[in-house]
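Colleague: sequence and predicted model, in that order:
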Amino acid sequence: MRKTFVLVFLVVLVTFTLFSQEVIKIGMNFELTGPISGYGQMSRDGVLLANKLKPTVNIGGKEIKVEVVAVDNKSDKAESANAIRRLIDYEKVIAVIGPATSSAALAAASIAEERQIPMVVNTATNPLVAQNKKYVFRTCFEDTLQGFLLATFAWDELGAKNVAIMIDVAQDYVVGLANYFEKAFEQFGGTYFTEFYTTGDQDFTAQLTDALSKNPDAIFMPGYYAEIALICKQARDLGFTGPMFAGDGADAPELIQIGGEYVEGVSYTTYFHEDAELSPATKPFVEAYQKEYHRRADAFGALGYDAYMVIVNAIESAQSTDPIKIRDAIAKTKDYPGVAGTITYPEGSGNPIKPAVINMVENGQFVFRTVIKPRM
Amino acid sequence: MTIQMFFQHLANAISLGGIYALIAIGYTMVYGILNLINFAHGDIFTFSMYFAFYAVTLFLFPWWASFIFAIVLTTLLGATIERVAYRPLRKANAPKISALITAIGVSFFLQNFAIVVFGGRAKSFNPQLGVYPTQFAQVLKFRDVRIPLLTFIIIGASILALLILIWIVYRTKAGMAMRAVSKDVTAAKLMGINTDKTISQTFMLGSALAAVGGILWAMKYPQIYPYTGMIPGLKAFIAAVVGGIGSIPGAMLGGFILGVAEIMIVAFLPALAGYRDAIAYIILIVILLVKPNGLLGVEIGEKV
């Protein structure tokens, strides 16, 4: 008799906890393996930290547990589409974070749109990712804005009037960013000329010899870190002493490892630096990150953290776990103090207007140099 | 274009051509003796960089010892590949195409092995790590033309490699055996030549050359990743074919032609700079159309 009683009690207890402890799931679609796994892993760590610091949402006075589920897109476009399908269909997530790169994000974005699941990308900057999409948002700036901020930096901070641009014709990101830079730089009254190469090229001496004969004040490298490191080495070897600068494609430790002393003084735009006070939330985040992972916080993690917080914030303000209502609440995000800058989504757009951080390589370290605010 | 700029471009071209030439020599040698296009050459080249890199960073060798270590290890790698992948095919009297397919397989295997063992992220071959003395990274100035010291080292190494190879092939007993094998394997065997040993030696020599090329390439373009050798390997193959595959001076000539063409296309037609790899293929096609055996290739009747 007593045994039955205990059993019934246990069953009741288990059912009670099961029903009272509702769980909602947020998916992560990141590059956890493959050639750009560094980006995905850094992003994931940021989201996990955010989840640890804010593990529940409050809906109608009830605390609901938020679970994050990670799926690996293997740094591949097709796998990224599979990953988001798996998250939506199998894991039943109500929102997705990631991917970290533009091409993988593009592949996933149309699926999020079709299934009406909000997707917040952390570091994919290509304008096409969120263009004409109701359900896709980002926590980083997009390349139209980044190009403008870089032109502002070159004109105001470097005092450059004539800029050489090294363009990787094989990368949409590079061609796009160069294009937006050119437009803005021309508006300011600057002149520029372009030199071309392809991803994987290792010898840039011909382009640089040609560029240096036109006496540029600065060299702009909107490409990725591997090529940037080699361009810097070869430009210095050919006797160029002026400033060199880049976009967020430079933001990887490999830039300094490969470039060594040749990348000294190179500046680039990025979203975040530990020492940049982008919002009141920055400092506590940096401390929490240091405590959790025992290393310096990075831009990918910071924006992943912001992506999680934007979603959770929207769930609470919508007071609902319905993806469509969450989407509407995200779109209304205004002056949200993200760790990598305040986030406001302009009417009908998933692209926040944010300042850019300019980092510079100094004594083999990425050092915070300045914050460039958009002139609106 | 000013005269100074022209000379700067020329210096760049010789610098690039020199390293293509060096890799092409190793490529063409294996072909010349075995009639085998060793597509894995570029990956053997990549491995030599990793060997030199880890010798310094992991085993803390001084740079010169790491170079020797890398060359020895790469040579052994070449011998191993020959023994494991190509010899069984030869023993089975497999058709030539099987050896070609195997070479591609070996290439894929080495690339993926490198990803698993060394990781996908790029490693740096930077003098600050002690992988080679900083003095080598100097840039020499002749009036306004700047030439990295490395260019002279590379060209010196290519010429030295060429002389050593000619000496081995024409002045030593092993070289005589190689020449015999290249003429006719069966006849060479009948004459009492240990053909397996000779073929193995050929591979070792080719791999040692790849190692020298790999280390110099890494010094010039200081990043190492599992696919580093792919493009240089392909360019070396084109250079070898352009110069006349099998001909050692031809490979050198082909390397320089390719280097000059790539630099000059960027210099004179900057808008086409993004397509310089395509230029290499166009040169290949044109040469093959005009002179199917390459510039310095000898016409040989197909052996039946």
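Modeller: Thanks, I have it.

Colleague: tell me the confidence at B:Leu272?
Modeller: What the model reports as pLDDT for B:Leu272 is 81.

Colleague: I'd like to know how far it sits from chain A.
Modeller: 8 Å (CB to the nearest CB, to the nearest Å). Heads up, the C-betas are built off the backbone N, CA and C, glycines and all.

Colleague: could you do B:Pro148 as well?
Modeller: 6 Å.

Colleague: may I have the phi/psi pair for the nearest residue to that residue once chain neighbours are set aside?
Modeller: Nearest non-adjacent residue to B:Pro148, counting by CB to CB, 6 or more residues apart in numbering or on different chains: B:Val139, 5.2 Å away. When read as degrees, to the nearest 10, the backbone of B:Val139 gives phi -120, psi 130.

Colleague: contacting residues for B:Val139?
Modeller: Under the criterion of CB atoms under 8 Å, 6 or more residues apart in numbering or on different chains, the neighbours of B:Val139 are A:Asp237, A:Gly239, B:Arg146, B:Ile147, B:Pro148, B:Leu149.

Colleague: can you tell me which of those are in strands?
Modeller: Of the contacts of B:Val139, the ones assigned to strands by DSSP state E are B:Arg146, B:Ile147, B:Pro148.

Colleague: please report how far the first one lies from A:Ala229.
Modeller: As for B:Arg146, its distance to A:Ala229 is 19 Å (criterion: CB to CB, to the nearest Å).

Colleague: that older thread, top of the contacts of B:Val139 by number of neighbours, please.
Modeller: Among these, B:Pro148 has the most neighbours (other CB atoms under 10 Å in any protein chain shown), with 23 neighbours.

Colleague: that one touches B:Leu140, doesn't it?
Modeller: Yes: between B:Pro148 and B:Leu140 there is a contact at 7.4 Å, judged by CB atoms under 8 Å.

Colleague: buried residues in the helix ranked longest in chain B?
Modeller: With DSSP state H setting the assignment, residue counts place helix B:3-34 as the longest helix in chain B. Buried residues in helix B:3-34, counted by 16 or more other CB atoms under 10 Å in any protein chain shown: B:5, B:8-34.

Colleague: and for stretch A:247-254?
Modeller: A:Gly247, A:Asp248, A:Gly249, A:Ala250, A:Asp251, A:Ala252, A:Glu254.

Colleague: mean confidence for that stretch?
Modeller: Averaging pLDDT along stretch A:247-254 yields 87.

Colleague: list the contacts of it.
Modeller: For stretch A:247-254, using CB under 8 Å, 6+ apart, the contacting residues are A:38, A:123, A:125, A:140, A:143, A:146, A:150, A:173-174, A:177, A:221-226, A:228-229, A:266, A:268-271, A:299, A:359, A:366, B:121-122, B:124, B:223.

Colleague: and the next helix or strand past the longest helix of chain B?
Modeller: helix B:41-57 (DSSP states H and E).

Colleague: what are the buried residues along that following helix?
Modeller: For helix B:41-57, by 16+ other CB under 10 Å, it's B:41-56.

Colleague: show me the contacts for the spatially most central residue of chain A.
Modeller: Closest to where the C-alpha atoms of chain A average out (CA atoms, centre = their mean) is A:Thr123, at 1.6 Å. Shown in contact with A:Thr123 (CB under 8 Å, 6+ apart): A:Tyr39, A:Ser43, A:Ala100, A:Thr101, A:Cys140, A:Asp248, A:Tyr271, A:Ala299, A:Phe300, A:Leu303.

Colleague: cutoff 10 Å now
Modeller: A:39-40, A:42-43, A:98-102, A:105, A:138-140, A:248, A:251, A:270-272, A:299-300, A:302-304, A:307, A:340 (CB atoms under 10 Å, 6 or more residues apart in numbering or on different chains).

Colleague: same thing with B:Leu73?
Modeller: Applying CB under 10 Å, 6+ apart to B:Leu73 gives the contacts B:Phe47, B:Ser48, B:Tyr50, B:Phe51, B:Ala52, B:Tyr54, B:Ala55, B:Ser207, B:Ala211.

Colleague: swap in A:Tyr293?
Modeller: A:Tyr293 touches A:Met42, A:Asp45, A:Gly46, A:Leu48, A:Leu49, A:Gly301, counting by CB under 10 Å, 6+ apart.

Colleague: from A:Val57, how far out is A:Val66?
Modeller: A:Val66 sits 6 Å away from A:Val57, taking CB to CB as the criterion.

Colleague: could you do B:Leu205 as well?
Modeller: As judged by CB to CB, B:Leu205 and A:Val57 stand 68 Å apart.

Colleague: same thing with A:Asp156?
Modeller: Computed as CB to CB, the A:Asp156 to A:Val57 distance reads 42 Å.

Colleague: more neighbours: these two, which one.
Modeller: Neighbours per residue (other CB under 10 Å) separate A:Asp156 from A:Val57, with A:Val57 holding more: 20 against 13.

Colleague: where in chain A is pLDDT low?
Modeller: Scanning chain A for pLDDT under 70 picks out A:1-2, A:5-7, A:9-21, A:35, A:375-376.

Colleague: hmm, try it at 80
Modeller: For chain A, the stretches flagged by pLDDT under 80 are A:1-21, A:33-38, A:172, A:375-376.

Colleague: so does the longest strand along it get close to chain B?
Modeller: As assigned by DSSP E, the longest strand anywhere in chain A is strand A:62-72. No: using CB under 10 Å from any CB of the partner chain, strand A:62-72 stays clear of chain B, coming no nearer than 13.9 Å.

Colleague: so what secondary structure elements neighbour that strand?
Modeller: Using 3 or more CB pairs under 10 Å, 6 or more residues apart in numbering or on different chains; DSSP states H and E, the elements in contact with strand A:62-72 are helix A:2-20, strand A:23-30, helix A:37-53, strand A:56-59, helix A:77-85, strand A:95-97, helix A:299-318.

Colleague: what about 6 Å?
Modeller: Strand A:62-72 sits against strand A:23-30, helix A:37-53, strand A:56-59, with contacts defined as 3 or more CB pairs under 6 Å, 6 or more residues apart in numbering or on different chains; DSSP states H and E.

Colleague: now the angle between helix A:299-318 and it, please.
Modeller: Counting by axes from the mean of the first three to the mean of the last three CA atoms, to 10 degrees, strand A:62-72 lies at 140 degrees to helix A:299-318.

Colleague: enumerate the residues of the stretch 51-200 of chain A near chain B.
Modeller: Within reach of chain B by CB under 6 Å from any CB of the partner chain, the stretch 51-200 of chain A has these residues: A:Val169, A:Phe196, A:Thr198, A:Gly200.

Colleague: host element of the last one?
Modeller: So that's A:Gly200. Per DSSP H and E, there is no helix or strand for A:Gly200.

Colleague: let me see the contact set for it.
Modeller: By CB atoms under 6 Å, 6 or more residues apart in numbering or on different chains, the contact set of A:Gly200 is B:Ile231.

Colleague: just the second one next, same as before
Modeller: If a contact means CB under 6 Å, 6+ apart, then A:Phe196 has A:Ile167, A:Val169, B:Ala273, B:Gly274 as its contacts.

Colleague: B:Gly229 too?
Modeller: By CB under 6 Å, 6+ apart, the contact set of B:Gly229 is B:Gly42, B:Asp43, B:Phe45, B:Thr46.
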